[in-house]
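following is a predicted model, sequence given first.
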Protein chains: 2
Amino acid sequence: MRRLALIAGLLLTTLAHADEGMWTYDNFPSAKVKQQYGVTIDQGWLDRVREATVRLSGCTASFVSSEGLILTNHHCIASCLAENSSKDKSLLEDGFVARDRKEEIPCRTQVADVLVGMENVTDKVDAATRGLDDRAANEARKRTLTALEQACEKDSGLKCQSVTLYNGGQQFLYRYRRYTDVRLVFAPEAGIAAFGGDPDNFQFPRWCLDMGLLRAYENGKPVAVARPLRVNFAGPKPGEFVLVSGHPGSTNRLLTVAQLQGLRNDDLPPSLLRSNELRGRYIQFGKQGDAERRIVDDPLTGLENGIKVRRKQLDALLDDGLMAKKRADEAELRARAAKDPALAGLGDPWAEIEKATARARDIGTEYGYLEGAAGFNSRLFRVARTLVRGAAEREKPNGERLREFTDAQLPRIEQTLGAATPVYPELERLTLSFGFERMREWLGPDHATVRALLAKDSPDTLAAKLVDGTKLADPAVRLALWRGGSAAIAASDDPMIKLARDVDPASRALRKRYEDEVQAPVAVAEEKIARARFKIYGTEVYPDATFTLRLNYGTVQGWVEKGTPVEPYTRLRTAFDRATGQAPFRIPASWEKVRAQLDLDTPVNLSTNNDIVGGNSGSALLNARGEIVGLMFDGNIHSISGAYWFDTAKNRSIAVHPAIMREALRKVYDAPALLRELGGQ
Amino acid sequence: MRRLALIAGLLLTTLAHADEGMWTYDNFPSAKVKQQYGVTIDQGWLDRVREATVRLSGCTASFVSSEGLILTNHHCIASCLAENSSKDKSLLEDGFVARDRKEEIPCRTQVADVLVGMENVTDKVDAATRGLDDRAANEARKRTLTALEQACEKDSGLKCQSVTLYNGGQQFLYRYRRYTDVRLVFAPEAGIAAFGGDPDNFQFPRWCLDMGLLRAYENGKPVAVARPLRVNFAGPKPGEFVLVSGHPGSTNRLLTVAQLQGLRNDDLPPSLLRSNELRGRYIQFGKQGDAERRIVDDPLTGLENGIKVRRKQLDALLDDGLMAKKRADEAELRARAAKDPALAGLGDPWAEIEKATARARDIGTEYGYLEGAAGFNSRLFRVARTLVRGAAEREKPNGERLREFTDAQLPRIEQTLGAATPVYPELERLTLSFGFERMREWLGPDHATVRALLAKDSPDTLAAKLVDGTKLADPAVRLALWRGGSAAIAASDDPMIKLARDVDPASRALRKRYEDEVQAPVAVAEEKIARARFKIYGTEVYPDATFTLRLNYGTVQGWVEKGTPVEPYTRLRTAFDRATGQAPFRIPASWEKVRAQLDLDTPVNLSTNNDIVGGNSGSALLNARGEIVGLMFDGNIHSISGAYWFDTAKNRSIAVHPAIMREALRKVYDAPALLRELGGQ
């Protein structure tokens, strides 16, 4: 607590300090970096790195060869590996090496985006919403963004997405070059990619070869990349200046105290309880046999990762020191805003947010179960809802639709619906029954929807009827319903479609209430607070993460854990020492076989003080010349509180060292062609 | 929050208000009751009710016939039902009716205690600890209590237990008449006893026949009870004055703010996460078949009950209004104590507790996994630890032993070790593997104990070796090791005994640290605070619940839930309306069969504003004449925050109405003899 209090004073005057900051490419503090580190990051550098930085679903990656080769984390291609597995054979367990182009396997639901342009449209959105009340402004904002995206896509032929920065302080339109044909090239076994599994997740020291290679294709040919990033296999020196280019997913550093309390009291505890029970169900299911273990492997890994993140986020919010600092920051901003004549008429947006947060508490649980994924917890139900809603929405003008069904979204929806990916009925029944059971617990057995669903059924019998009766696991059936529109949906007697149809009115009504009573006032109030913050602190700040491209800098360094220094590098030898022969501490046979040939001094992972969060996974760690000297894949345990503030003393990010990539491709996986393509030998 | 703030002012001046209060029998506010309700509760009334009030393991009960018949809740005899079940036939599912005395089944691990005397020994304990430092005082206190208990048992031939009241403000010696031969007489099916299951738990309106009958025996004959309580089958009128005599388990209303924050931040979240995962594992295990479902039925029910309690306790502690009230109360007490010359030299016990709480945070997780039940989560391991420690402890003088192994405790330990109760290896493997897995997660794979346990094993393989290898499921083996003492333990090659032996040094060392660095300073500081509280507020307060006999009063009433009044009675008709045919909303076949004969207007459950908590389950609800007019079995959802304060507006307790007991015994279970013994027909 003392540490937090100390830093609070500093923060109030500078806001961004040390190597903190997730900077947009149009506002990178090059002058400060030059002054502090003597390194020049000029526009040429920025353009080159931006063009080679790739956004995947939930992750980052980099072009690393002129023939479209993409380097990212193993855990970023896990869904592709799972989609190309079955309950009898798992690419997650076994790994994969394409010996030539023909062996590369499509990742059917993956896309790869490269940011090619950024346009500030704040004024256009302001003009469209000026003078409207909260709800009308919220609707007008969505309509305007949809129209801007549509016009942009038509003009440019590129993928256009609106981006909200500074919690509403700025509105941008980002243009991406999108590649929809992405193929799997290389993945090590999960046993070495995620050595230590969940127990070691968010820990350092660490020994993971968390790498994977994809390739982007266009018109059936590898994409030609003019300026790919090059790997420097020597890696960085201790203390060396390094940068990370990537897409941090989400931070909440600018939230108000009321919003943070809402997370602490109303959101995180129930969500953690639910996830932990599901974890237990998955684990117990997976013990029934090899097939069951393979079926839950990928969802369990994702679930456990999310649990650890939210558990440490809750710890951070329960720290009265953190909350006191947030209170002090907010009080200072409010006091200065009240005195600033230019901010007259600001009103009290903090109180507005507090009111909306109370409203969220009243309807949030029902919203989560009926409209969120908590209740109808099944892939096939989500497909059904997409089909039911998509049919209704596509009949409306583009600007009037739910935002996830605008024209700009349709190709991606169709790609996903049409992708032949495995569906495991056992898993669907498990998650759906779980969702129904918890819905009954949290909404009560007498809630109208619960009562209707479970009038004569238990969660298990209902889930079984739905999963066994639906045909939506078949992509052809899905596409036929998608293309058939409202008529096809109305005529369908598929039980999952019927369920999605039946619950849609109640569910949509709740969503509307939530948007009107919670999201709309919050959006307006956040804009006002952002305006005050800009006015008082200027633009020497960075926006919260929004899964859009950012660049940050730092140095290679460890930290001090309870008085003991943690060195920033690990070596291969220790991985073998720690191995127990049992998952998740079992080193794959492929490595044990060549152990004698391996250089056990090879560095495996390293830690830096870069300010990154989930979404940065797969990001290149770059040296001052823009060479890849590491592959970000995690943070230490203290990095999780990075959601709310940056702890200079302890927040560290973790990378795969390039030397272990070379050692693995050369000696374990015997992939000299890939190594050469990466610039190694 | 506004409501809490409003009441805070009131509390500061009166402390006890409305019908709040868990009064000891020697300090019942008869005058206040007389004045407020016009009811006379004199010493004769108190003695008669006390003598008929029974304490079971974790529950309360009452003598209801002159031949030792005991009325309590179904969920209070669940462990007896489970112990007399197998994976092929479950008394929990099927219910049980003893048609005559010979059919009554021993509850092998149950005892029944009746409080017969209370002696205030505060001065004796004070004399023994005066002038000592925290750790020495803690040891001296334990030694003194052991000696007092020993002398008392020798003198009286009764069961003597020390009781700490007012968080250390008073020390008592309670004398009990103990019955160790307790037999099962009647239990309905869980389907009606716990109709609505976990979804309805802690809810009202409610429809549960949560009753069960036992009989106490002595020398092979039913115990003769001079003055049993009589059942008044008419039940109470709305608004009627009622009392509850019983053993509330534990409340934390007198804790300091630092202690409440410790619960909120450090204790409840991890314990809830762990329990929820175990819930998921149990549920998924239970889906594998009928046998598996029966195996987890009883532990799952207990686990889910505990989850709901702790979840709502966490909600209460996350309420800033509650915490603000606690802060204000504490500030007032501290301010008044500082000004009181009689309290000069009090020091700052609140700061001492805060320091100890911080210490608990540092070592609490390790303590929980190594010494608590979190890590070695298995009945057979607990047996092994009892045997290993019991052998070592019994070699020491009585006063020097761990408190759970003093002479006074030994008969109960031997009763439990010798009881032939079912052990399910599948369940043992499940819980033990779970404990090892979480121990590795929370202590880390490199923790010395974890490393030693899992050097070449996974949690599953280790659990299987231990459970499959041990012979401790056999009571004869257990008793032989118990009687063999240290020599037998040293010679044993039972893997569970070996494990308990191996981890004992580390585990005992941690316990000693925890006692010295956390418990000792807290005990001393709590005594000081209790002294200040007595000095300032007098004895017009009641002590926190400690699973000792208390009496409280109130009236039959509902409450207002979000603007809607909740009526205090439910009727049988609605239970049938709500039934779905699927557990836990399936009404047993025995009831469906006689549905046409049942009076559907029969009241089933009722609500009162008595201040009770867990441990009061099975308590008689009494009218002014001391007749049984209900059987307490639960509280409403708001009652759970009763751990920290009594919410006059919403905290309600829930009872089984006697009319439904009569209806059930007469028409469903065809048990006229039992009904007559209860005074009905």
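That came in fine, so what should we check first?

can you give me the helices for the stretch 451-600 of chain A?
Along the stretch 451-600 of chain A, counting by DSSP state H, counting those that start in this stretch, helices occupy A:459-469, A:475-491, A:495-514, A:520-537, A:572-578, A:589-593.

so which residues on the stretch 551-681 of chain A come close to chain B?
Residues of the stretch 551-681 of chain A lying near chain B by C-beta under 8 Å from any C-beta of the partner chain: A:578, A:580-583, A:585. Bear in mind the C-beta positions are built from the backbone N, C-alpha and C, glycine included.

pick out the most distant pair among those residues.
Using C-beta to C-beta, those reach their maximum pairwise distance at A:Arg578 and A:Ala583, which is 13.2 Å.

ok, now which ones touch the residue in chain A that chain B sits nearest to?
Residue nearest to chain B within chain A: A:Gly280 (2.5 Å; C-beta to the nearest C-beta). Neighbouring residues of A:Gly280 by C-beta atoms under 8 Å, 6 or more residues apart in numbering or on different chains: B:276-284, B:434.

let's see 6 Å
B:277, B:280-281 (C-beta atoms under 6 Å, 6 or more residues apart in numbering or on different chains).

ok, so of those residues, who is nearest chain A?
For those, the residue nearest chain A by C-beta to the nearest C-beta is B:Gly280; the value is 2.5 Å.

tilt between the host helix or strand of A:Val125 and helix A:520-537?
Using DSSP states H and E, A:Val125 sits within helix A:122-129. Using axes from the mean of the first three to the mean of the last three C-alpha atoms, to 10 degrees, the direction of helix A:122-129 lies 140 degrees away from that of helix A:520-537.

sorry, back to before: buried deepest among the helices of the stretch 451-600 of chain A, which one?
Burial of the helices of the stretch 451-600 of chain A is given as mean neighbour count (mean count of other C-beta atoms under 10 Å in any protein chain shown); helix A:520-537 ranks first at a mean of 20.

how much space between the residue of chain A closest to chain B and B:Val114?
A:Gly280 sits 41 Å away from B:Val114, going by C-beta to C-beta, to the nearest Å.

repeat for A:Asp42
Distance from A:Asp42 to B:Val114, by C-beta to C-beta: 87 Å.

higher neighbour count, these two?
B:Val114 (23 against 9; other C-beta atoms under 10 Å in any protein chain shown).

my read: that one touches B:Arg177, true?
Yes. Because the distance of 4.7 Å satisfies C-beta atoms under 6 Å, B:Val114 is recorded as touching B:Arg177.

and the pLDDT at the residue of chain A closest to chain B?
Listed pLDDT for A:Gly280 reads 98.

helix, strand or coil for it?
When classified by DSSP: H, G, I helix; E, B strand; the rest coil, A:Gly280 comes out as helix.

quick check: it vs B:Tyr282, distance?
A:Gly280 is 8 Å from B:Tyr282, by C-beta to C-beta.

and if you look at A:Ala596?
From A:Ala596 to B:Tyr282 the distance is 46 Å (C-beta to C-beta).

go on, A:Leu510?
32 Å.

just to revisit the earlier point, now the residues of the stretch 551-681 of chain A next to chain B: which count as buried?
Buried subset of those (neighbour count, 16 or more other C-beta atoms under 10 Å in any protein chain shown): A:578, A:580, A:582, A:585.

and the helices of the stretch 451-600 of chain A as TSV, adding mean pLDDT?
Listed next are those as TSV, based on pLDDT from 0 to 100:
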stretch	mean pLDDT
helix A:459-469	98
helix A:475-491	98
helix A:495-514	97
helix A:520-537	92
helix A:572-578	97
helix A:589-593	98
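
which one of these lies closest to B:Ala620?
helix A:459-469 (36.8 Å).

distance from the chain centre to stretch A:195-202, please.
In terms of C-alpha atoms, centre = their mean, to the nearest Å, the centre of stretch A:195-202 is set 19 Å apart from its chain centre.

cool, and stretch A:121-137?
29 Å.

swap in stretch A:608-619?
With C-alpha atoms, centre = their mean, you get 11 Å for stretch A:608-619.

for stretch A:349-364, same thing?
26 Å.

in it, which residues are buried?
A:349-350, A:352-357, A:359-360, A:364.

need those residues in TSV with secondary structure, can you?
Shown next, in TSV, are the buried residues of stretch A:349-364 (three-state DSSP):
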residue	secondary structure
A:Pro349	helix
A:Trp350	helix
A:Glu352	helix
A:Ile353	helix
A:Glu354	helix
A:Lys355	helix
A:Ala356	helix
A:Thr357	helix
A:Arg359	helix
A:Ala360	helix
A:Gly364	helix
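
which strands and helices lie in contact with the helix or strand harbouring A:Val54?
Counting by DSSP H and E, the element that carries A:Val54 is strand A:53-56. In terms of contacts (3 or more C-beta pairs under 6 Å, 6 or more residues apart in numbering or on different chains; DSSP states H and E), strand A:53-56 is packed against strand A:112-120.

average model confidence for the helix ranked longest in chain A?
In chain A, taking DSSP state H as the definition, the longest helix is helix A:290-318. Across helix A:290-318, the average pLDDT comes to 97.

same question, stretch A:152-169
94.

buried stuff in that stretch?
A:152-153, A:158-169.

and of those, the nearest to B:Glu103?
When the buried residues of stretch A:152-169 are compared against B:Glu103 (criterion: C-beta to C-beta), the nearest one is A:Asn167, at 70.9 Å.

contacting residues around A:Pro299?
Here A:Pro299 is in contact with no residue (C-beta under 6 Å, 6+ apart).

okay, it and A:Cys107: tell me how far apart.
18 Å.

how many residues are close by A:Arg99?
Around A:Arg99 there are 11 residues (other C-beta under 10 Å).

how is it assigned, secondary-structure-wise?
On the basis of three-state DSSP, A:Arg99 is classed as coil.

contacts only, for it.
Contacts of A:Arg99 (C-beta under 6 Å, 6+ apart): none.

and the pLDDT at it?
Taking A:Arg99 on its own, its pLDDT is 95.

now do A:Arg2
33.

what about A:Glu103, how many neighbours?
If we define neighbours as other C-beta under 10 Å, then A:Glu103 has 12 of them.

give me the phi and psi angles of it.
phi -80, psi -10 (degrees, to the nearest 10).

and it, what pLDDT?
98.

how many neighbours does A:Ala473 have?
Applying other C-beta under 10 Å, I find that A:Ala473 has 19 neighbouring residues.

and it, what does it touch?
Counting by C-beta under 6 Å, 6+ apart, A:Ala473 makes contact with A:Val423.

ok, A:Ala374 next?
Contacts of A:Ala374 (C-beta under 6 Å, 6+ apart): A:Gly368.

measure it to A:Gly368 for me?
Distance, A:Ala374 to A:Gly368, using C-beta to C-beta: 5 Å.

ok, now A:Ala490?
28 Å.

try A:Gln261
Applying C-beta to C-beta to A:Gln261 and A:Gly368 gives a distance of 18 Å.

tell me which of those two has more neighbours.
Counting neighbours by other C-beta under 10 Å for A:Gln261 and for A:Gly368 shows that A:Gly368 has the greater number, 22 against 19.

now do the host helix or strand of that one: distance to the chain's middle.
Per DSSP H and E: A:Gly368 is located in helix A:349-370. Helix A:349-370 sits 24 Å away from the centroid of its parent chain (C-alpha atoms, centre = their mean).

any residue of that helix touching chain B?
No. Shown here: helix A:349-370 not in contact with chain B (C-beta under 6 Å from any C-beta of the partner chain), separated by at least 9.4 Å.

now for that helix, which elements pack on it?
Using 3+ C-beta pairs under 6 Å, 6+ apart, helix A:349-370 is in contact with helix A:257-262, helix A:425-443, helix A:495-514, helix A:520-537.
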